[in-house]
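# just a sequence and a predicted model for now, questions to come.
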Amino acid sequence: MHRHNERDFTMTFLELVHMDAKLIWDSEAHRNRSVTKAERFASFSDYDTRDIGDFKPSHIHRFFDDLEEAGLSNNTINHYGACLIKVFSHAVSEEHIGHVPKFKYRKVKGNQRPLYFTTSQIELMSSYFRNSADFKDLEFYLIIGIQTGMRIGEIRKINECTLIKDETGGYSVFLAETKNGDCRTVPITSEALSAIRRLGTDVSNNWNSKLFYRGWKQMRRAILGNDERYVFHTTRHTCATTLANSGAYNSELIGAYLGHRCLNTVRKYIKTEPQTMRSMAELMREAQHKSKTTEPQAKQGDLFGMGT
C-alpha cells in the first residue's frame, strides 16, 4: 500500500521509530542508542507532531545547528545523521514516504573549536547584538552564557519556577535535569539575573530557535571572520578559562560550577560550600568589567577534561 499517496494517512517520525525499531536496528544495544537519538530529534521544535513526509533538509540542518550549539562535536552530530538516514530509509522501504531528505554531513576536523572568547571579542559581539534591529536578545544570552557557563539547552529551560532565592541571599537557577541527567543549582549574578529578566523570565516560552541561530551566524560573519568553530558553547569554555585564570579555584571546583560529573568530593563542595559557588559567580561578573586590554590565556592543565 503506497501510504505516502493517501492524504488521510499521517504518521510522525517518532511513531514510526517506536513502531518499527526492531526492524530498523538489529542489535539491541545499537537500537537503544539510536532510539534515544531519534527521540531527541523528534523533541526538537515541533518535530514530534510533524508528519514524517513533511521533513525537508532545512529541518535536519536546524537540528544539527542545535546539537552544535549544545556542544556536540561534528563527529557526534554525524552519528545523529546516520540514525536519521536509517529511519527515513526504512520509511521509504515501507512506502510511508517517497524519498529520503538529502542533507549534508558535518566536516570532521581535529581541534575543532577555539577554547574561549577574548575580552575584546566579547565587547564586539555584545555591541553587535545591542545595535542590531532583530537580534538584541542575543546579547542577554551571551551575558548569561559567559557569566554562568550554562549550556544553551539549560538557558532555554529557565522560567519563573526555576529562579530561586538561595541560602546566600542571591538568586540561582535550579535545573531539574542537565545533559548528565543530574539536577544542579547554578548561582547567578545580578547582571545575569537582569539579562534573564530582559528575556522575559520565561525563557522557555520566548525561545526562538530560528532567530537565535540566524543572529549568531550573522554576528559570526561580521565579527569573528565567519569562523564556524565559534559557537555559543564557546561561552562555556570562556567561563571555565576565566575561573582557571583567577588562580582561586581548582579544576574540581570549576567542574562543579559547570555541572560536570566529577569525584564525590565535588558533590560535597556543592552541598557544603554554597558561598564558594556564589563567589565564583561574582568572579565571573567582575571579570566582565576588567580592563579590555587584558585577554585571558587558557590554562590547559586546569581545563583539560572539562568536556561539555
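Looks like it arrived, so ask away. Nothing here was measured: the structure is a model prediction, and the numbers come from that model.
# assign Leu84 to helix, strand or coil.
Recorded secondary structure, Leu84: helix (DSSP: H, G, I helix; E, B strand; the rest coil).
# renumber starting at 44 from here on
I'll keep to 44 as the first residue from here, and by that count the last item is Leu127.
# quick check: the gap between it and Leu115.
14 Å (C-beta to C-beta, to the nearest Å). Glycine gets a C-beta too; all of them are placed from N, C-alpha and C.
# swap in Met193?
Plainly put, Met193 is 16 Å away from Leu115 if you go by C-beta to C-beta.
# those two: who's more crowded?
With other C-beta atoms under 10 Å as the criterion, Met193 and Leu115 differ in neighbour count, and Met193 comes out ahead with 27 against 20.
# show me where pLDDT drops low in the stretch 44-193 of the chain?
Residue ranges of the stretch 44-193 of the chain with pLDDT under 70: 44-52, 151-157.
# how about the helices in it?
For the stretch 44-193 of the chain, applying DSSP state H, counting those that start in this stretch gives helices covering 56-67, 71-86, 100-112, 117-136, 162-173, 180-191.
# most tightly packed of these?
The highest mean neighbour count among the helices of the stretch 44-193 of the chain, using mean count of other C-beta atoms under 10 Å, belongs to helix 180-191: a mean of 24.
# what pLDDT, on average, does whichever helix or strand comes after it get?
Toward the C-terminus, helix 180-191 is succeeded by helix 195-198 as the next helix or strand (DSSP states H and E). Over the span of helix 195-198, the pLDDT mean works out to 89.
# adding distance to Arg199, write the helices of the stretch 44-193 of the chain out as CSV.
Output for the helices of the stretch 44-193 of the chain, formatted as CSV (distance: least, C-beta to C-beta, whole Å):
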stretch, distance to Arg199
helix 56-67, 21
helix 71-86, 12
helix 100-112, 10
helix 117-136, 19
helix 162-173, 17
helix 180-191, 9
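# so which of those helices is nearest Asn288?
Judged by C-beta to C-beta, the one of the helices of the stretch 44-193 of the chain that comes nearest to Asn288 is helix 162-173, at 11.5 Å.
# which other helices and strands contact that closest one?
Judged by 3 or more C-beta pairs under 8 Å, 6 or more residues apart in numbering; DSSP states H and E, helix 162-173 is in contact with helix 180-191, helix 252-266.
# now the residue nearest the centre of the chain, nearest residue through space, not along the chain?
Note on the chain: the residue nearest the mean C-alpha position is Ala113, at 2.4 Å, using C-alpha atoms, centre = their mean. Computed as C-beta to C-beta, 6 or more residues apart in numbering, the closest residue to Ala113 that is not its neighbour in sequence is Gly196, at 5.2 Å.
# same question for Tyr292.
Leu286 (5.4 Å).
# wait, the one you found sits on Glu325?
No. The pair Leu286 / Glu325 is not scored as a contact, 11.4 Å apart, by C-beta atoms under 8 Å.
# not counting stretch 81-97 itself, show me its contacts.
Residues outside stretch 81-97 that contact it (C-beta atoms under 8 Å, 6 or more residues apart in numbering): 47, 53-60, 98, 102, 105-106, 109, 123, 126-127, 130-131, 134, 139-141, 252.
# residue contacts, Ser132?
Ser132 neighbours (C-beta under 8 Å, 6+ apart): Val143.
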